[in-house]
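*Asks:* pasted the sequence and its predicted model underneath.
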Amino acid sequence: MEFRTKLTLVVYNKDRSNHLRAIRETVLPFVSSDGMYLQVGMAYPITITKVVWLTDEKMFHCTAEELMYEYEFNLESDVDELTDMLDILADAKRNGWVGFDKIYRDK
């Protein structure tokens, strides 16, 4: 059995005041769950923090959150520069994730 899955990867700055996000759709051979690690077109696995069934779309939506402890970025930061500095962003973009083009404020 296969399960259509939309993944959202949220990358927070070190104080969780701002974040970037990207999405990718994939098909998984299992139902994912909170706390599961997935390695989907990335050099290292991401941790699933939330799983929701999207009834209208007939697919799962998984959210993964990563915290960049060393980096502080804000709404004025250059996203292209961040992509060059943060391997997780560059790796995701190279491997089919769409997004990481805007910084969002959390607080």
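*Replies:* Arrived safely.
*Asks:* can we go C-alpha only for contacts and neighbour counts from here?
*Replies:* Noted.
*Asks:* residue 40 should be in a strand, yeah?
*Replies:* No: under DSSP: H, G, I helix; E, B strand; the rest coil, residue 40 falls outside any strand and is assigned coil.
*Asks:* list the contacts of it.
*Replies:* Contacts for residue 40 (CA atoms under 8 Å, 6 or more residues apart in numbering) come out as none.
*Asks:* distance of it relative to residue 8?
*Replies:* From residue 40 over to residue 8 the distance is 11 Å, taken as CA to CA, to the nearest Å.
*Asks:* could you count how many residues lie near residue 31?
*Replies:* For residue 31, the neighbour count with other CA atoms under 10 Å is 12.
*Asks:* just confirm it is within a helix.
*Replies:* No: using three-state DSSP, the assignment for residue 31 is coil, not a helix.
*Asks:* what residues are up against it?
*Replies:* Counting by CA under 8 Å, 6+ apart, residue 31 touches residue 3.
*Asks:* gap between it and residue 9?
*Replies:* Distance check for residue 31 against residue 9: by CA to CA, it reads 18 Å.
*Asks:* ok, which stretches of the chain are strands?
*Replies:* For the chain, the strands defined by DSSP state E occupy 3-12, 18-28, 37-38, 46-54, 59-67, 98-99, 104-105.
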